[in-house]
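Enquirer: requesting a structural model of the entry that follows:
(one chain, ligands or ions: 1)
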Amino acid sequence: MLSREVSSFLVQQMHMSQTAMRASHKDFETAVNQMKLLKKDPGNEMKLKLYALYKQATEGPCNMPKPGVLDLISKAKWDSWNALGSLPKETARQNYVELVSSLSSSESSSQGKPGADSKQPGYETLVVTSEDGITKIMLNRPTKKNAITTQMYQDIVLALEAAGKDDSTITVLTGNGDYYCSGNDLNNFTDIPPGGIEEQAKNNAILLRNFVGCFIDFPKPLVAAVNGPAVGISVTLLGLFDIVYASDRATFHTPFTHLGQSPEGCSSYTFPKIMGPAKAAEMLIFGKKLTAREACAQGLVTEVFPDSTFQKEVWTRLKAYSKLPPNAMRTSKQLIRNVEREKLHATNSEEISALQGRWRSEECTNAVMNFLSRKVKL
Ligand SMILES: CCCCC/C=C/C(=O)SCCNC(=O)CCNC(=O)[C@H](O)C(C)(C)COP(=O)(O)OP(=O)(O)OC[C@H]1O[C@@H](n2cnc3c(N)ncnc32)[C@H](O)[C@@H]1OP(=O)(O)O
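Expert: As a prediction, this is how the structure comes out:
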């Protein structure tokens, strides 16, 4: 017998509409007005993002002359707009609407909670520590193989934002227990909001855009310490890390087709670039699982360590790297990232649009249902 969540999920899926979820001009106008009503200053970085999206949505690609270096504010605005390159107006409009919507909802969810603004977040399923110039973000849901819940996506974003600003020089993502991460928690699909599947898909799209965007824009060297098997989004994101160290027990599996879904985490761009189109297709289209050594041979992993000495060797190495001049490391990272930052954001948008279609498909519904009703394991 199917659980209540699975049945309600199925019913919602069957009734959902096939209309595309592009933001209309009216949605855009509403978002522009909503921005004016925000009580909390979203911060300079966010304001620049919104400015750029607004200009791109209303005027198209930036073709203004670049302001002089001394005109700092105009130059920051110009840089932000110009970084959007040829992003279509429609996509910029949609990204703007989604960004404003996430700001409004985080503002309303923090209302009424005394001290919500000033409190350092206590993460339920992450352990964040900072030592020896290294901030470690550890996924901490070992009994569920560190599957990522909706709350965890948000917490990882908060933890990355804090790590990007703290005084550490390197940030490391790793997992607690025998898995690095089993990817998206498939129960995320059963938590259906009052607006039904359409609203759920829209919320997931906002969540994912913001989540992957944070990895694209992370300002410091970012290292993955892959302590065990990795599945789904935890694999695709590796293409956005600067270094990937893996235990020889780790495996790398992207079973999107089996789940009726399609790749995310910018892997449709990073994987062919890293390993060549043929190897990338075998992983992303056919769901071939790689061993750590295969992933290393294909360039996705930097180095493989025996599981018995993984922790010791990785942390010794990272502690030595963390003593290198931090500003030089940041500058090098930014130079490397800037070459393709715009392309990565555009890929993120494209992948999410495709996924929104997939989430409404029968193939995806059946795959999620099969897992939740314990019929199929990967
Ligand atoms: C909203 C944004 C969406 C972003 C798009 C992201 C896409 C992806 O990441 S796609 C990949 C999704 N992941 C999966 O499909 C993995 C599903 N899990 C499995 O196939 C297996 O659990 C396993 C191969 C990862 C491990 O198998 P095994 O060693 O036999 O362990 P168990 O299956 O008994 O797992 C223990 C426990 O953990 C729960 N669990 C594991 N992974 C997930 C998951 N991804 N989502 C939800 N729950 C998961 C599993 O159900 C078990 O729970 P209990 O039965 O309650 O003990």
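
Enquirer: which SS class is Thr171?
Expert: strand (DSSP: H, G, I helix; E, B strand; the rest coil).

Enquirer: does Phe51 lie in a helix or a strand, and which?
Expert: Wrong residue type there; residue 51 is Tyr, not Phe. Per DSSP states H and E: Tyr51 is located in helix 44-59.

Enquirer: for the next helix or strand after that helix, packing partners?
Expert: Sequence order places helix 72-82 as the next helix or strand after helix 44-59, per DSSP H and E. Here helix 72-82 touches helix 44-59, going by 3 or more Cβ pairs under 8 Å, 6 or more residues apart in numbering; DSSP states H and E. Every C-beta, even on glycine, is put in place using the N, C-alpha and C of the backbone.

Enquirer: the helix it packs on: which residues count as buried?
Expert: Going by neighbour count (16 or more other Cβ atoms under 10 Å), the buried part of helix 44-59 is 48-57.

Enquirer: residue numbers of this structure in contact with the ligand?
Expert: With Cβ under 6 Å from any ligand atom as the criterion, the chain meets the ligand at residues 144-145, 147, 182-188, 204, 207-208, 231-233, 259, 264, 371, 377-378.

Enquirer: filter the residues you listed to the buried ones?
Expert: Buried, going by 16+ other Cβ under 10 Å: 144-145, 147, 182-188, 204, 207-208, 231-233, 259, 264, 371, out of these.

Enquirer: next, count neighbours for Lys66.
Expert: Lys66: 12 surrounding residues under other Cβ atoms under 10 Å.

Enquirer: Cys62: what's it in contact with?
Expert: 55-56, 78, 81-82, 84 (Cβ atoms under 8 Å, 6 or more residues apart in numbering).

Enquirer: which residues are in contact with the residue of the stretch 151-300 of the chain found nearest the ligand?
Expert: In the stretch 151-300 of the chain, the residue that lies nearest the ligand is Gly232 (2.3 Å; Cβ to the nearest ligand atom). With contacts defined as Cβ under 8 Å, 6+ apart, Gly232 is in contact with 182-184, 253-256, 259.

Enquirer: also Val223?
Expert: Neighbour list for Val223: 170-173, 241-245, 318 [criterion: Cβ under 8 Å, 6+ apart].

Enquirer: mind putting those into a markdown table with neighbour count and distance to Thr91?
Expert: A markdown table is the format used below for these (neighbours: other Cβ atoms under 10 Å; distance: Cβ to Cβ, whole Å):
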| residue | neighbour count | distance to Thr91 |
| --- | --- | --- |
| Ile170 | 23 | 33 |
| Thr171 | 25 | 29 |
| Val172 | 24 | 33 |
| Leu173 | 27 | 28 |
| Phe241 | 21 | 25 |
| Asp242 | 18 | 27 |
| Ile243 | 19 | 31 |
| Val244 | 27 | 30 |
| Tyr245 | 26 | 35 |
| Leu318 | 21 | 37 |
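
Enquirer: need these in TSV (columns: pLDDT).
Expert: TSV is the format used below for the contacts of Val223 (pLDDT from 0 to 100):
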residue	pLDDT
Ile170	98
Thr171	98
Val172	98
Leu173	98
Phe241	98
Asp242	98
Ile243	98
Val244	98
Tyr245	98
Leu318	98
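
Enquirer: what ranges does the stretch 1-150 of the chain have for its strands?
Expert: 126-131, 134-139 (DSSP state E, counting those that start in this stretch).

Enquirer: and these as CSV, adding distance to Val32?
Expert: Listed next are those as CSV, based on distance: least, Cβ to Cβ, whole Å:
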stretch, distance to Val32
strand 126-131, 34
strand 134-139, 35
